[in-house]
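1. need a 3D model of the sequence below.
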Amino acid sequence: MKKEIIISGFGGQGVMSIGKNLVEAGMAEGLNVTWAPSYGPEMRGGTANCSVVLSSRRIGSPVFTHPTELIAMNAPSIGKFGPLAVSGGLVLVNSSVVKEPFGRADVRTLYVPCESIAYELGNPKAANMVMLGAYVSATGALQPETIKSMIVHMFTGAKAKLVPLNLEAFRRGMRCGTERPVPTDAACTA
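-> Numbers count the residues shown, from 1 in each chain. Predicted structure coming up:
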């Protein structure tokens, strides 16, 4: 198994956090991993993306140009990285922000209303956990229990009160991990 993933969006959407969570879960499961962040000129509000490789074999290079999966948290991410996704790959789109359908018939596209779900849960910052859940469910690349355990250990001290919210956001994202043929802001009910 080898997953080459680009995660992209505006600074502040938790793009780097999704990547770090994937890598840490991959390490916990005994996979070989790499994580390479790339920031735009502004940390919050500017563009940010990271490249993640999860592999059952040794990784020759953390650099790749054609992702097997793309997580696009905003429209500019689709414009920049969408054409690079491999044919037969998976593109996960934050349909709360990206309203236009992604126009490639040769990739599987999954529309996830990340921010709508996070607002329903009471904290828009949980949108990244929704997308993480959708990715894990759609790909089966990692075990959900590994991510849930990480969430519990990630939020400690004063932030421990955020554990239930983030676990619920992840769970709701897992329910979104099936194909949604058109962009929608409706919460996943599958």
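2. and Lys161, what is it in contact with?
-> Residues near Lys161 by CB atoms under 8 Å, 6 or more residues apart in numbering: Phe155. Where C-beta positions appear, they are placed from N, C-alpha and C, glycine not excepted.
3. I meant to write Val152 there.
-> Counted by CB under 8 Å, 6+ apart, Val152 has contacts 163, 167.
4. how far away is it from Thr146?
-> For Val152, the distance to Thr146 (CB to CB, to the nearest Å) stands at 11 Å.
5. next: Ser137.
-> According to CB to CB, Ser137 stands 13 Å off from Thr146.
6. neighbour count: these two, which is higher?
-> Ser137 (21 against 16; other CB atoms under 10 Å).
7. OK, contacts around that one?
-> Counted by CB under 8 Å, 6+ apart, Ser137 has contacts 144, 173-178.
8. likewise Val86?
-> 66-68, 107.
9. do a quick rundown of the strands in the chain.
-> Using DSSP state E, the strands of the chain run over residues 2-10, 32-39, 47-55, 69-72, 90-94, 108-112.
10. poorly predicted segments of the chain, please.
-> Residue ranges of the chain with pLDDT under 70: 40-46, 179-190.
11. including distance to Ala48 and neighbour count, could the contacts of Ser137 go into CSV?
-> Putting the contacts of Ser137 into CSV (distance: CB to CB, whole Å; neighbours: other CB atoms under 10 Å) gives the following:
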residue, distance to Ala48, neighbour count
Pro144, 26, 16
Gly173, 20, 30
Met174, 24, 22
Arg175, 27, 17
Cys176, 22, 27
Gly177, 24, 21
Thr178, 28, 12
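12. can I get these in CSV with distance to Met27?
-> Putting these into CSV (distance: CB to CB, whole Å) gives the following:
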residue, distance to Met27
Pro144, 16
Gly173, 21
Met174, 21
Arg175, 26
Cys176, 25
Gly177, 22
Thr178, 27
